[in-house]
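# Just a sequence and a predicted model for now, questions to come.
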Amino acid sequence: MSFHESSVSFELEDDHILKATLRTDDEEEQESVLDLNSIIGNDNGHFCWGGVNFQDSASSIELNTEGEDDIPVLRAKLISMEGEEIEADINLAERISNDNGNLVFLSE
């Protein structure tokens, strides 16, 4: 299950730290953090899962919720290899889950 479906709240700190209050299997609330720089990279101006340090080549970073299901979407301007700023987004619900109150990256 994506983390946002079982979260009480979530936010982005320092442009790369996902901080969430999640429900555990016992319905308790637990805080968890995940450094997005350790799982998301910049592939020539596009976010990529399994990369690293997207923040080093990004500006205007923000986390929004979108749609009826409040899908968490990370948006930024990423620098391409040609030095161009490209607007990019990535759906964090695709690969970040809640494992009994802990944010985890689903590698595949």
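Arrived safely.
# any chance you could read off phi and psi for G67?
phi 80, psi 180 (degrees, to the nearest 10).
# neighbours around it, how many?
Residues lying near G67 (other C-beta atoms under 10 Å) number 8. C-beta coordinates here come from the backbone N, C-alpha and C atoms, glycine included.
# gap between it and L36?
20 Å (C-beta to C-beta, to the nearest Å).
# contacting residues for E11?
For E11, the contact set (C-beta atoms under 8 Å, 6 or more residues apart in numbering) comprises L18, K19, A20, L63.
# Tell me which of the residues you listed fall in strands.
Under the assignment DSSP state E, the contacts of E11 contribute L18, K19, A20, L63 to strands.
# How about S2: what's its closest non-neighbour residue?
Counting by C-beta to C-beta, 6 or more residues apart in numbering, S2 lies nearest to A93, which is 3.9 Å off, once chain neighbours are set aside.
# Could you report the pLDDT at the residue most central in space within the chain?
Note on the chain: the residue nearest the mean C-alpha position is L92, at 4.4 Å, using C-alpha atoms, centre = their mean. Here, the pLDDT recorded for L92 equals 97.
# Give the full set of residues in contact with it.
F3, H4, L18, L36, L63, P72, V73, L74.
# And those residues, which two are furthest apart?
Between any two of these, the greatest separation by C-beta to C-beta is 14.2 Å, found for H4 and L36.
# Which residue of the two possesses the greater neighbour count?
Neighbour tally, H4 and L36, criterion other C-beta under 10 Å: the higher count belongs to L36, 24 against 19.
# just to revisit the earlier point, in ChimeraX, select just the buried ones from the ones in strands among the contacts of E11.
Only the buried members of these enter the following ChimeraX selection, criterion being 16 or more other C-beta atoms under 10 Å:
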select :18,20,63
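# Please tabulate the ones in strands among the contacts of E11 in a markdown table, including the columns pLDDT.
Below are the ones in strands among the contacts of E11 laid out as a markdown table (pLDDT from 0 to 100):
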| residue | pLDDT |
| --- | --- |
| L18 | 98 |
| K19 | 98 |
| A20 | 97 |
| L63 | 98 |
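# Closest one to G50 out of the ones in strands among the contacts of E11, please.
Using C-beta to C-beta, these come closest to G50 at L18, 16.1 Å.
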